[in-house]
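output the structure for:
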Amino acid sequence: MLRRNVAVVLLFLFVLSPLTSFAQQPTATPTPAATQAPAANAPAKDPNDPIERIKDEGMNRSQVMQTLSYLSDVIGPRLTASPGMKRSNEWTRDQLTKWGLQNAHLEAWGPFGRGWTLKRFSAQVTDPLNIPLIAYPKAWSPGTGGPITAPVVYVDAKDDADLQRFKGKLKGAIVLTSRMREVKAHFEAPGTRRNEKDLLELADAPEPRPGATRRSQNAEFRAAAQFACKKLQFFSGESPAVLIDASRAGDGGTIFVQSASVPQPVCRDSFDTNAPRQTQAYDKAATKITPQLVLAVEHYNRIARMIEAGEKVNMTVDLAVEWQDSDPMGYNTIAELPGSELKDEIVMLGGHMDSWHAGTGATDNGAGVAVAMEAMRILKTLNLTPRRTIRIALWTGEEQGLLGSKAYVAEHFGKLETPAASASPTPSPAPSPAPGVLVTKPEYEKFSSYFNLDNGTGKIRGVYLQGNESVRGLFRQWLTPFRDMGAATLSISNTGGTDHLSFDAIGLPGFQFIQDEIEYDTRTHHSNQDVFDRIQADDMKQAATIMAAFVYNAAMRDEKLPRKPAPGR
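Residues are numbered from 1 along each chain as shown. Coordinates of the predicted model:
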C-alpha cells in the first residue's frame, strides 16, 4: 500500500509541475538576433528543388521493401543460371517496364555453364543415437542418388604427411574434412554501425597503391589454400561417399556455404597471375565430384568429439539435385530513363542480382538491387527528366567473379587485351604478364559514371572515391543534403569485391558507397541467414534516396564525371 500511495503523490506532483514552472517563467522578449537565428542556421527548403523532392518521395512513399520482399521471399535464392535467377531476370525487367522505364530487356553474356537447383536434402546421425543436423549442401554438388547411410571418419590431419594416416580408410565413408573450429562466446554485438572513429579512418585513408591485396600477401592464408587443394586431391583418390566441412565462420546455426570444390590436376597458388583458370563445379566439362555439405560448427564439433571418444558414428544423408544445362548463357537486366539534350551520354547504377542458395539473397545482394530499382522508381515517379540517360544494370555471375558486369563492360565500353605472347621459349621462372592494352568501343567516351551498392542492408555513410581525387568536391556537394541522414564521409581508398571494379579496371568512373556493416560479415554474407528479416527498412529507404540523388546529379552536370588516367594507354 505504501508503495502505491507514494506513486500516486509523485504522479500528482509530476502533472502539476510543468504548469507551475510555466506560470513562474517571465515572458521573454525576442531579440532581432534570436528571431533571425533559425533562418540563418536552417534556411527554408524549396519544395520544388529536385533533391528535396527525391528525399520526400524516397523517405515517405518508398516501395523498396515491397520490391525486396518479392525478390527474396517469393522468388528466393538466385544462383547464377538457375531457374530462380531466370525468374528474377524476367520479374525485374517486367517491374521496371511497369514503372515506365524504357528499353527494359535481358542482355546475354557467357557462356557460363550449368544451372543447379536443390530438390531435397536431409542429414542426421543415426547411430549410436539419432541427432538431426543443421547442414546445407554446397552449390553444384552432385546428389547422393537416394538416402545413404555410412560410417563417419574424422580427418584431423595437420599437414600433407599427416594426411597419409587415412590412406585406404575413406572409401564409402562420410568424411569430416578438417579439424574442429573453436567456438567462442560473443561479448560484443554481432551487429554494428560505423562510429566516428571508423569514419575518420576512412576519411584519412592514404592514396591507394597498386599491387597485391592484403589477403594475397598473407602467407598463412596461401598455405591453408594449398593444403585444402591437396586434401581434395587426396579425398578424390580415396572414393568417399560424402565430404563435410564445418562452417568456416558463424555459430548458433548460422552456416556459411558457397560452391562445391573440384579437385585440380595441379595445386597452384591461386594468387599467381600466371596460374591457369581452375575448373569449377558449374563447368559442363567438370569431372564427377563427391557430394559436399557444410555442417553447423557445433554439430560438426560434437560428432568429431564423439569419434575421438571412441564412438562408431553413422550418418544418413539424402541429397537430390537438378541440373539445368539447356541454356549455358547468363543474363543481366537492363532498363533506362532516357535523357534529353545529352541522351547519348550514360550514367549507370546497379547491383548484382545473383545470390547463393542457402538463404534468399536479401542482404547479398537483393538489398542493392532493390535500392537501385527504387532509385529509378523515384526518378520516374517524380517525372524528373535528366539531361543524360540513366541506365540501371542488375548483374548476374558476380559471385563467380564479376562475370556479368565484366562481359557488359567489354561489350559496350572496352577491355584490356593481353599482347600476343612471344614465340621464343618461356624462361624459368615465368615472367610477369605484360600489361594489357586498352581497346575501347564508341560508348567509352559517352560514359559518365557508375554507382554500385553491394555491402548489405546498412545505410549509406559516404562514398569510396576509388583513387579518383578529382570527384571529391562534387561528391562532397552532393552529400551535403544528406548529412543529417549520416552520409558525409569520402574516402580516397579503393574497395573491392563487387561490380564497380569492372568499370574501374578500364579507367571508367565506378564507385561503391560506404555502408554501415550491420551484420554483414558476422551473420548474413553467403550464409543461410541472408534473409529478408535481417534487412533494416529505414536504412534501405535512405540508401535508395541517396542513390537516386547521386545519379540525378551526375546526369544533370554540364560535363561528365572526371576520370583517373586510363590503364593500358
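
can you get me a residue count around the residue nearest to Glu341 when sequence neighbours are not counted?
Of all residues not flanking Glu341 in the chain, Arg387 sits nearest, at 5.9 Å (CB to CB, 6 or more residues apart in numbering). From N, CA and C alone the C-beta is placed, and that goes for glycine too. When counting by other CB atoms under 10 Å, one arrives at 18 neighbours for Arg387.

quick one: pLDDT of Arg387?
Reported pLDDT at Arg387 in the predicted model: 98.

just the C-alphas of stretch 335-344, formatted as CSV.
In CSV, the C-alpha atoms belonging to stretch 335-344 read as follows (Å, rounded to 0.1, in the frame of the first residue of the first chain):
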residue,chain,number,x,y,z
ALA,A,335,16.5,-0.6,-68.4
GLU,A,336,16.7,3.2,-68.9
LEU,A,337,15.3,6.6,-68.1
PRO,A,338,16.0,8.4,-71.3
GLY,A,339,17.9,11.7,-71.2
SER,A,340,17.2,15.0,-73.1
GLU,A,341,19.9,17.0,-74.9
LEU,A,342,22.7,14.7,-73.7
LYS,A,343,20.8,11.5,-74.1
ASP,A,344,23.7,9.8,-75.9
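
ok, now which ones touch the spatially most central residue of the chain?
In the chain, the C-alpha closest to the average C-alpha coordinate belongs to Asp364, at a distance of 4.0 Å (CA atoms, centre = their mean). Counting by CB atoms under 8 Å, 6 or more residues apart in numbering, Asp364 touches Ser355, Trp356, Asp454, Gly456, Tyr520, Thr524, His525, His526, Asp530.

got a list of what the residue nearest to Glu341 touches?
For Arg387, the contacting residues are Gly339, Ser340, Glu341, Leu342, Lys343, Ala555, Met556, Arg557, by CB under 8 Å, 6+ apart.

so the residue nearest to the centre of the chain versus Thr149, what's the distance?
For Asp364, the distance to Thr149 equals 35 Å [CB to CB, to the nearest Å].

and what of Gly253?
24 Å.

how about Asn130: what's its closest non-neighbour residue?
Leaving aside its chain neighbours, Asn130 sits nearest to Gln124 (6.3 Å; criterion: CB to CB, 6+ apart).

highest neighbour count among the contacts of Asp364?
Counting neighbours by other CB under 10 Å, the top entry in those is Ser355, with 32 neighbours.

doesn't Ser82 make contact with that one?
No. With contact defined as CB atoms under 8 Å, Ser355 does not reach Ser82; the gap is 9.8 Å.

sorry, back to before: tell me how far the residue nearest to Glu341 lies from Asp558.
Note on Arg387: its distance to Asp558, by CB to CB, is 9 Å.

for Asp538, same thing?
Distance from Asp538 to Asp558, by CB to CB: 35 Å.

out of the two, which sits in the busier spot?
Per other CB under 10 Å, whichever of Asp538 and Asp558 has more neighbours is Asp538, with 11 against 6.

dump the residue contacts of the more buried one.
Contacts of Asp538 (CB under 8 Å, 6+ apart): Lys459.

repeat the analysis, applying 10 Å as the threshold.
When contacts are counted by CB atoms under 10 Å, 6 or more residues apart in numbering, Asp538 touches Met59, Ser62, Lys459, Met485.

which of those residues are buried, as a PyMOL select command?
In PyMOL, a selection of the buried entries from those looks like this (16 or more other CB atoms under 10 Å):
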select buried, resi 62+459+485
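
ok, the contacts of Asp538 vs Gln95, which is closest?
Set against Gln95, the nearest of these by CB to CB is Ser62 (15.0 Å).

just the element for the closest one, please.
For Ser62, there is no helix or strand it lies in under DSSP states H and E.

picking that back up, now tabulate the contacts of Asp538 in TSV and tack on distance to Phe511, secondary structure and pLDDT.
Putting these into TSV (distance: CB to CB, whole Å; DSSP: H, G, I helix; E, B strand; the rest coil; pLDDT from 0 to 100) gives the following:
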residue	distance to Phe511	secondary structure	pLDDT
Met59	22	helix	98
Ser62	23	coil	98
Lys459	16	coil	98
Met485	18	helix	98
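
any chance of the contacts of Asp538 in CSV, plus distance to Phe413?
Converted to CSV, those look like this (distance: CB to CB, whole Å):
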residue, distance to Phe413
Met59, 34
Ser62, 32
Lys459, 30
Met485, 32
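
which one of the contacts of Asp538 sits closest to Asn218?
Lys459 (31.1 Å).

didn't the closest one look like it was pressed against Met485?
Yes. With contact defined as CB atoms under 10 Å, Lys459 counts as touching Met485 (7.2 Å).

common neighbours of the two, please.
Residues touching both Lys459 and Met485 (CB under 10 Å, 6+ apart) are Asp538, Asp539, Lys541, Gln542, Ala543, Thr545, Ile546.

would you turn the residues you listed into a markdown table with distance to Asp156?
Output for these, formatted as a markdown table (distance: CB to CB, whole Å):
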| residue | distance to Asp156 |
| --- | --- |
| Asp538 | 47 |
| Asp539 | 43 |
| Lys541 | 49 |
| Gln542 | 48 |
| Ala543 | 45 |
| Thr545 | 52 |
| Ile546 | 50 |
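
drop anything exposed from those.
Buried among the shared contacts of Lys459 and Met485 by 16+ other CB under 10 Å: Asp539, Lys541, Gln542, Ala543, Thr545, Ile546.

Gly100: which of those is nearest?
Among those, Thr545 lies closest to Gly100 (CB to CB), at 19.2 Å.

and that closest one, that one's in a helix?
Yes. Secondary structure of Thr545 (DSSP: H, G, I helix; E, B strand; the rest coil): part of a helix.

just the pLDDT at it, thanks.
98.

now it. Nearest residue, chain neighbours left out?
Leaving out its chain neighbours, the residue that sits closest to Thr545 by CB to CB, 6+ apart is Gly58, at 3.1 Å.

helix or strand for that neighbour, which one?
Assigned by DSSP H and E, Gly58 falls in helix 50-60.

CA atoms only: put that helix into CSV for me.
Extracted in CSV, the C-alpha atoms of helix 50-60 (Å, rounded to 0.1, in the frame of the first residue of the first chain):
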residue,chain,number,x,y,z
PRO,A,50,14.6,18.2,-57.3
ILE,A,51,16.8,16.8,-54.4
GLU,A,52,14.2,17.8,-51.9
ARG,A,53,11.5,16.1,-54.0
ILE,A,54,13.7,13.0,-54.2
LYS,A,55,14.1,13.0,-50.4
ASP,A,56,10.4,13.3,-49.9
GLU,A,57,9.4,10.5,-52.3
GLY,A,58,12.2,8.2,-51.1
MET,A,59,11.6,8.6,-47.4
ASN,A,60,7.8,9.0,-47.3
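
for it, name the packing helices and strands.
Contacts defined by 3 or more CB pairs under 10 Å, 6 or more residues apart in numbering; DSSP states H and E place helix 50-60 against helix 367-381, helix 537-556.

before we move on, back to that, from the contacts of Asp364, which is closest to Lys380?
Asp454 (22.9 Å).

grab the nearest non-local neighbour of that closest one.
For Asp454, the spatially nearest residue (CB to CB, 6+ apart) is Thr498, at 4.1 Å.
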